[in-house]
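K.L.:
sequence first, predicted coordinates after that:
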Amino acid sequence: MKPFNYLTPATVEEAVSLFGQHSETAKYIAGGTDVIVKLKDGWMEPDYLISLKKIEELSELRKNENTGDLTIGATVTHATLEKSIMIQKEYPIIYDAVSNIGSLQVRNVGTIGGNLMNAVPSADGAVPMIALDGVALIQGPGGERSVEVKDLFIEPYKTVLKPGEILKKITIPAPAPRTGSAYIKFGRRAAMELPLIGIGVLLSLDADLETCARARIVLGVAGPTPMRAYEAEKLLTGKKITEDLLRQAGEKAADESKVRDSVRGSAWHRKEMIRVQVRRMGLKCLEMIKRN
């Protein structure tokens, strides 16, 4: 591993300034679960690592009691989200996703911001943030700007962030009444495995507890970036939700997907999992709504 200088700014502004001073020779680091591997393997050789871990505002996890909006700072760890009673009760799709990331040791240091910024198609954390209509706040040399999480990703390992920009936080709007959400990850083994496919479903029902007011179906490892199955969502919206309609939505989501064959799994198998699990996760959402 090439030697480097380790910088520990106390504010986002200081971090951005340090990046500007060292330009092409600097990289940001948060939990380091991906960056350290790349350093050891020689995939990156920065002269400066700018740590974001001591920037307090980036570690905020808070629900606004007035608006109901949820704020998740970029350096909030997967373990923090996993252990949060609020997340478990009110945002089960987040809990489902982060509790399946890596090992306990990885979840203790890995961050939600790092999971998103690594921009791999298999990022478990991206699926719930998209399903919940999350908005990312970004800060860089040009100031602050907001981007919907669904629009963060350009291609594998590439996001819309410009040089020097930092993901500060994700804001999730207050959940609608009568909402259920669920995520499922499939791998070749139960622990410490990248998903063959990741499927997230969110449903909100009208007051009759039958008609779909809003649907989100988000797929990971179904294309070069995490994706929403828009046509499947349209199929559900405004209709009475039945198991057969959910089955049709699974079929449509599988057709929308851009899955491919890889060394870890075949395209036809991934499509079949989408067909089956969209229906199952939809039924799980309905159970949550009626139970609550």
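P.N.:
Great, that's in hand.

K.L.:
tell me which stretches of this structure form helices.
P.N.:
Assigned by DSSP state H, the chain shows helices spanning 12-22, 35-41, 78-83, 85-90, 92-98, 104-109, 112-117, 126-131, 230-236, 243-256, 267-291.

K.L.:
of all those helices, which one comes closest to L196?
P.N.:
helix 267-291 (6.2 Å; Cβ to Cβ). Using the backbone N, CA and C atoms, a C-beta is placed for each residue, glycine as well.

K.L.:
returning to what we had before: let me know which of the helices of the chain is tucked in deepest.
P.N.:
When the helices of the chain are scored by mean count of other Cβ atoms under 10 Å, the highest mean neighbour count falls to helix 126-131 (a mean of 28).

K.L.:
and the contacts of that helix?
P.N.:
For helix 126-131, the external contacting residues (Cβ atoms under 8 Å, 6 or more residues apart in numbering) are 91, 93-94, 96-97, 112, 115-116, 149-150, 152-153, 170, 172, 181, 183, 198-202, 216-220, 226, 228.

K.L.:
7 Å instead, please
P.N.:
93-94, 97, 116, 149-150, 170, 181, 183, 198, 200, 202, 216, 218, 220, 226, 228 (Cβ atoms under 7 Å, 6 or more residues apart in numbering).

K.L.:
and it, how far from the chain's centre?
P.N.:
Its chain's average C-alpha position is 4 Å from that of helix 126-131, according to Cα atoms, centre = their mean, to the nearest Å.

K.L.:
with just CA atoms, put it into PDB.
P.N.:
Extracted in PDB, the C-alpha atoms of helix 126-131 (Å, rounded to 0.1, in the frame of the first residue of the first chain):
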ATOM      1  CA  ALA A 126     -29.700   2.200  -2.300                       C
ATOM      2  CA  VAL A 127     -33.000   0.200  -2.700                       C
ATOM      3  CA  PRO A 128     -34.800   1.500   0.400                       C
ATOM      4  CA  MET A 129     -33.600   5.100  -0.100                       C
ATOM      5  CA  ILE A 130     -35.100   5.100  -3.600                       C
ATOM      6  CA  ALA A 131     -38.300   3.400  -2.500                       C
END
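
K.L.:
quick one: mean pLDDT for that helix?
P.N.:
Averaging pLDDT along helix 126-131 gives 98.
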